[in-house]
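Engineer: Structure, please.
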Amino acid sequence: MNYLIGIALLLLFVSGDSFIVPSIAKDVEKYNPTDMQKRQEVLNLNKDRLEFAEKEHIANMHDVTWDNTLESKIKTMTCDERTSPGPDYVVFVHLRYAPPPMDRMTNPRSHPLQTKIACATLATKCEDERAICLMGPKNTEPEPSDFKNGSPGTQCSSLNGVSGLCVGGGVDVKPKEGGEAVSSASMPMALLSLVLGLIMA
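Structural biologist: Reported below is the predicted structural model:
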C-alpha cells in the first residue's frame, strides 16, 4: 500500500513539474523585439509618461524614442554591467517583470528629461536572464528641480509640446513671467515642426 502511495506521489510531482518548467522557461525567454514590438513599447511608455505628467502637472515631460545604439549596447553588456548605470543611461529590468514603482517621482524611468530607450536580452548568459532596458540620457534618479510644474508640454525647449510631451532635446527652459514657455526656436521653425507633425500623424 505504501509502495502504491509512493508511486502516486512521484507521478503527481513529475506531472506538476511538467507545468511549472515551461512557465519558468517562458519568463527567461530571450527578448529580441521586432520593429512592431519596439513601436508598441514606445507607444505604451509615452502614454504612461503623458498620464503621469497630467496627474502630477509636469510641464517638461519628454517623449521617448527607441534608440538602436542602446539596443546594441545591451547585446554587448557583461553580467556585471546589467546592474549599474552607464554614462548616459540607467538600467532596469524589463517592465513586464518589474512591479510598479512605489514613488514615481524618484524613479529613474519617470525622469522628465529621458528621451531614449531600448530593451533586449543580453547575449552573455547570466544568472538572471530576464530582459533589461536602458533609458537615457539621464543616469540618475530625478531631483525635485528636474520637474517643472504646469500644464504638460508648456515648458519644452521649443514649441513642440502640443501633444503634452516635449519632443527631443531633453533640455528644459524657464517660463517667462506670464507663465508661458520661452522657446529657443524661431517662429518659422516652430510652425514648420507643427506642420510636419500634423502631416506625419
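
Engineer: From here on, just use CA atoms for contacts and neighbour counts.
Structural biologist: Will do.

Engineer: Point out where this structure drops to low pLDDT.
Structural biologist: Within the chain, the segments meeting pLDDT under 70 span 1-29, 158-159, 169-201.

Engineer: What are the boundaries of the helices in it?
Structural biologist: Ranges of helices within the chain are 2-27, 35-56, 68-76, 187-200, based on DSSP state H.

Engineer: CA atoms only for the shortest one, dumped as PDB, please.
Structural biologist: Once side chains and other backbone atoms are set aside, the C-alpha atoms of helix 68-76 remain, and they are given as PDB (Å, rounded to 0.1, in the frame of the first residue of the first chain):
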ATOM      1  CA  ASN A  68      19.400  51.500 -31.700                       C
ATOM      2  CA  THR A  69      22.700  52.400 -30.100                       C
ATOM      3  CA  LEU A  70      21.300  51.500 -26.600                       C
ATOM      4  CA  GLU A  71      19.900  48.300 -28.000                       C
ATOM      5  CA  SER A  72      23.400  47.300 -29.400                       C
ATOM      6  CA  LYS A  73      24.900  48.200 -26.100                       C
ATOM      7  CA  ILE A  74      22.600  45.700 -24.300                       C
ATOM      8  CA  LYS A  75      23.700  42.900 -26.600                       C
ATOM      9  CA  THR A  76      27.400  43.500 -25.700                       C
END
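
Engineer: Residues touching it, excluding its own?
Structural biologist: Residues from elsewhere that reach helix 68-76, judged by CA atoms under 8 Å, 6 or more residues apart in numbering: 117-124, 132-135.

Engineer: Drop anything exposed from those residues.
Structural biologist: 117-122, 132-135 (16 or more other CA atoms under 10 Å).

Engineer: Take the residues you listed and write them to CSV, including distance to residue 147.
Structural biologist: Listed next are the buried ones among the contacts of helix 68-76 as CSV, based on distance: CA to CA, whole Å:
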residue, distance to residue 147
117, 20
118, 23
119, 25
120, 29
121, 31
122, 32
132, 26
133, 23
134, 21
135, 18
